[in-house]
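**Q** Sequence and computational prediction follow.
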Amino acid sequence: MALLVIDDLAKTYDKVTALTGINLSVEAGEFVTLLGPSGSGKTTLLMSLAGFTTPSKGTISLDGKDITHVDPEDRNFGFVFQGYALFPHLTVANNIAFSLRVRKWEKARIAARVSEMLSLVGLDNLAERKPRELSGGQQQRVAIARALAFGPRILLLDEPLSALDRMLRETMQKELKRLHRETGVTFVYVTHDQEEAIAMSDRIAVFNHGRIVEIGPPRDLYKKPSTRFVAGFLGENNFLTGHRADDDETAVEAFGTRFGFPLAKGRERPGDSLTVWVRPEDIRVGQATGDEIGFRATVVENSFVGALERILLRTATGEEIVATLRSEAAIAAVPGQTIDCRIAPSAIGVLPNEAKGS
Amino acid sequence: MRNFKTTALLLTVPASLMAIGLYAAPILQVLALSLTEPKFGLANYQGLFANAAVGRVVMTTVKVSVMTTVLTVLASYIVAFAIIHMSAGWRRISLFLVLVPFWISVLVRAFSWITILRRRGVLNSTLMDMGVISTPLDLVYNLFGVTVGMVHYMMPFAILLLYANLSDIDRRIMQAARSLGARPATIFWRVWLPLSLPGIALATLFVFVFSLGFLVTPALLGAGKTLMIAEYISVQISSTSRWDLATSLSTMLLLVVGVIVFAAMRSPALRAAFVARPQQ
């Protein structure tokens, strides 16, 4: 049985719907990320899990017990806040000891636990500092140590890395993964940063307009998104307009070429328009071989971005797409020239047109 | 930019001249008088320490000021704490109500208290009609009456000072405390109270210093029986023409207030009240 089960949860403020129809099960030890743009409901769900927000409908259960209306102080969930919310008047050691004093642990046990937590997050020599004397990254570590000190089974994290600069963010991502591995605690992590979500999570729940759009392991969501929203939100993507071939229900015509695609049976009629997507890194230069999909495109612009070049191409249908190529492959891509391009059939995605309603 | 700064500085000239002419100059004159009336020297100050009447007045002043400060800060903290926990609508209404006394003359407020507290006042007659007491209580023209009037006068200031401090505290810190298992009482004693010490220190200093030199309310509600320094000084000038006593006592009061403020500003809690919080 799953550790945490969220069943048909909804939250409405006055007339604004913040969350609706949320179903999610989290297994013990999992790292689940709630990903979405701001205002998509992910933070409302996290606050409901913590007990700071009371859902309008639905239940949250832990180990099969309904905890929907249990007070935050009785849930025993760790919480890492955006901006950390450390106690500014307490030292690092006393911040970490706070939950242990509340639980009336013995002095010696508290001291032992505090030093254990300090070394877990690598802050052994800063025990007596006040939060304002620490860097952002160090405050972050204190916040995590404080939230883990009393041994919660679930750690809730609200955009914990958003205040850090890029370099530090990458270090902290690895650090959080390590803590997740070493402690075995279940992490529920909120972020709007898709790279962060992809790099860290066992599973991602993608939010939009108060709903979970898709749930799955990062690889599946990236490679096989079933909605246009997820295809566009995770990683960079090119979207093109295509349509079902008139004479074949397993063929799609788009960007001046035609290729086979296993469309759902009977869903599209001949000529129905479709959304075709292809990631920039999956477009290659050269003549198509084997079952590759070939097409011709005009180079509009060629910009160097380090390891890769970004090529802006215009297809035969006039749509502009981006391709990222290794520098040596990009030599042929001179602006103004029309070149041969190819895509592996497995790298292309076709989604029903959402305007039609899905 | 430099031009703008010069212009801005120029704009303060009229106000500065007024402050110097109407404030600094008279104070210096008071200081001069205290040292020269009737002849040059510190004799007037020596006289202050030997004067038993002055001793009694100082004692009363300190007693009233301490009581006023403790009661005002305590009551105001409760009000300010309640206000920051209200919804935005109620908070607006409450802050408005806190400000209402500012528009009513201090004289009117003092007389209102006399109406309420005197022997045949609203409070005594109600209590007697209800049979709670058989003889009226002495509620005014004494320490009690003066303190009630002063607390009433000081509370809006203290509430606003404490409200400013309390509303600056990051509420996520309280959520963090809850998530760590702390219950409301623990959160209050371990988190709210330590974090509001700067505001409490500031309100305490403000109310105490203000009380030391307060004139109108103690004069009316004390009616000469509970005599505080400011009223005593005013009597020395307007009734008995003892300029020597009045000016030296004024200067001493100013000096003592200066020392208190200086000492208080060195305390870490008060310094924190004046330092912008870098986290925000």
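**A** Happy to help now that I have it. Numbers count the residues shown, from 1 in each chain, chains lettered A, B, ... in the order given.

**Q** For the stretch 51-200 of chain B, which segments count as helices?
**A** Taking DSSP state H, counting those that start in this stretch to define them, one finds helices in the stretch 51-200 of chain B at B:52-84, B:88-99, B:106-117, B:122-129, B:143-168, B:172-179, B:184-187, B:193-212.

**Q** Chain A too?
**A** Along chain A, the segments classed as helices by DSSP state H run A:42-50, A:92-102, A:107-120, A:136-148, A:166-183, A:194-200, A:218-223, A:228-233, A:327-330.

**Q** looking at those helices, which is closest to B:Leu162?
**A** For the helices of chain A, proximity to B:Leu162 was assessed by CB to CB; helix A:92-102 is nearest, at 24.7 Å. Glycine gets a C-beta too; all of them are placed from N, C-alpha and C.

**Q** between the helices of chain A, which gets nearest to B:Thr126?
**A** Shortest separation from B:Thr126 across these is recorded for helix A:92-102, at 47.1 Å, computed as CB to CB.

**Q** name the helices or strands packed onto that closest one?
**A** For helix A:92-102, the packing partners by 3 or more CB pairs under 8 Å, 6 or more residues apart in numbering or on different chains; DSSP states H and E come out as helix A:107-120, helix A:136-148.

**Q** what about dumping the CA coordinates of that helix to PDB?
**A** Extracted in PDB, the C-alpha atoms of helix A:92-102 (Å, rounded to 0.1, in the frame of the first residue of the first chain):
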ATOM      1  CA  VAL A  92      22.100  26.800  13.900                       C
ATOM      2  CA  ALA A  93      22.200  24.100  16.700                       C
ATOM      3  CA  ASN A  94      19.100  25.500  18.400                       C
ATOM      4  CA  ASN A  95      17.200  25.800  15.100                       C
ATOM      5  CA  ILE A  96      17.900  22.100  14.600                       C
ATOM      6  CA  ALA A  97      17.100  21.200  18.200                       C
ATOM      7  CA  PHE A  98      13.800  23.100  18.100                       C
ATOM      8  CA  SER A  99      11.600  20.100  17.200                       C
ATOM      9  CA  LEU A 100      13.500  17.900  19.700                       C
ATOM     10  CA  ARG A 101      12.900  20.300  22.600                       C
ATOM     11  CA  VAL A 102       9.200  20.500  21.600                       C
END
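
**Q** and the helices and strands packed on helix A:92-102 as TSV, adding distance to chain B?
**A** Listed next are the helices and strands packed on helix A:92-102 as TSV, based on distance: least, CB to the nearest CB, whole Å:
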stretch	distance to chain B
helix A:107-120	13
helix A:136-148	7
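
**Q** Turn those into TSV, including mean neighbour count and mean pLDDT.
**A** Converted to TSV, the helices and strands packed on helix A:92-102 look like this (neighbours: other CB atoms under 10 Å in any protein chain shown; pLDDT from 0 to 100):
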stretch	mean neighbour count	mean pLDDT
helix A:107-120	15	96
helix A:136-148	23	94
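
**Q** Same list (the ones you listed) but as JSON lines, adding distance to A:Leu19.
**A** Putting the helices and strands packed on helix A:92-102 into JSON lines (distance: least, CB to CB, whole Å) gives the following:
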{"stretch": "helix A:107-120", "distance to A:Leu19": "33"}
{"stretch": "helix A:136-148", "distance to A:Leu19": "23"}
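
**Q** and the stretch 151-280 of chain B, which of its residues are near chain A?
**A** Within the stretch 151-280 of chain B, the positions lying close to chain A (CB under 8 Å from any CB of the partner chain) are B:170, B:172-173, B:175-183, B:186, B:190-191, B:194-195, B:278-279.

**Q** do that again at 6 Å, thanks
**A** Applying CB under 6 Å from any CB of the partner chain, one finds that the stretch 151-280 of chain B approaches chain A through B:172-173, B:175-176, B:178-183, B:194.

**Q** What residue spans form the domains of chain A?
**A** A:4-232, A:236-356 (automatic domain parsing).

**Q** hey, which of the ones you listed is tucked in deepest?
**A** domain A:4-232 (a mean of 18; mean count of other CB atoms under 10 Å in any protein chain shown).

**Q** so how far is the first residue of it from its last?
**A** One end of domain A:4-232 to the other measures 29 Å (CA to CA, to the nearest Å).

**Q** ok, residues contacting stretch A:73-85?
**A** A:50-51, A:139, A:143-144, A:147-148, A:152, A:154-160, B:172-173, B:176, B:178-179, B:181, B:183 (CB atoms under 6 Å, 6 or more residues apart in numbering or on different chains).

**Q** ok, now with 7 Å
**A** A:49-51, A:67, A:139-140, A:143-144, A:147-148, A:152, A:154-160, A:162-163, B:170, B:172-173, B:175-176, B:178-179, B:181-183 (CB atoms under 7 Å, 6 or more residues apart in numbering or on different chains).
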